[in-house]
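Asker: Kindly return the folded structure for what I paste below:
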Amino acid sequence: MKQTARASDDGLKLSAWLPYRLFLVAAQVARPLESFYGETFGLSQAGWRILAVIAERNAANASEIGRACALDPFAVSRGIGQLVELGFALRRPGKTDRRFAAVSITRSGRAAFNRIAALGCAIEARLLARLSEGERTTLDSALTRLEGESARIDGGGWHALLDDAGAP
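Answerer: Just a heads-up that it's a prediction; the model follows:
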């Protein structure tokens, strides 16, 4: 008969782990947004992310889009293809290298983005309404610092984390 391990007080508890808690908040508010843009416009999650990026950075190339969306090249290519097929984006070949095509939002893409963004803003306003002005300022500052540190963690990889922790 197999024995189960006892819960330890010195290990990671998923329900209290900051990255997981941040993930849960993001996932819970992303679901209604994803349902809206999926049902209304036939957009995938990658398609929505890319649409949001090109709404902000017109004529971005696939590499820029991938970095901004945290998507792999295959997902970026498929997402751009979806946006072009829906008439939400135009892909223009690069002047010197076709691999660096510029992706631009169309009028219909801008209209779709504006509708989705309005719902996104309503979600954000509802979340932020639960916080005082001081808490919102603190949260913004904390998230800025966490974004920077998470980028450093990502850049260093797991080996560096184990080295910093003095793990064998």
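
Asker: Distance check, the residue positioned nearest the centre of the chain against Ala60.
Answerer: Most central in the chain under Cα atoms, centre = their mean is Cys69, positioned 5.4 Å from the mean C-alpha point. If you measure Cys69 against Ala60 using Cβ to Cβ, to the nearest Å, the figure is 10 Å. For glycine as for every other residue, the C-beta is placed from the backbone atoms N, C-alpha and C.

Asker: if I look at the two, which residues touch both of them?
Answerer: Common neighbours of Cys69 and Ala60, counting by Cβ atoms under 8 Å, 6 or more residues apart in numbering, are Val53.

Asker: and Gly94, what helix or strand is that in?
Answerer: Per DSSP states H and E, Gly94 falls between elements, in no helix or strand.

Asker: circling back: the residue nearest to the centre of the chain touches Ile50, doesn't it?
Answerer: Yes. Taking contacts as Cβ atoms under 8 Å, Cys69 lies within contact range of Ile50: 6.1 Å.

Asker: intersection of neighbour lists for these two?
Answerer: Taking Cβ under 8 Å, 6+ apart as the contact rule, Cys69 and Ile50 both touch Val76, Gly79.
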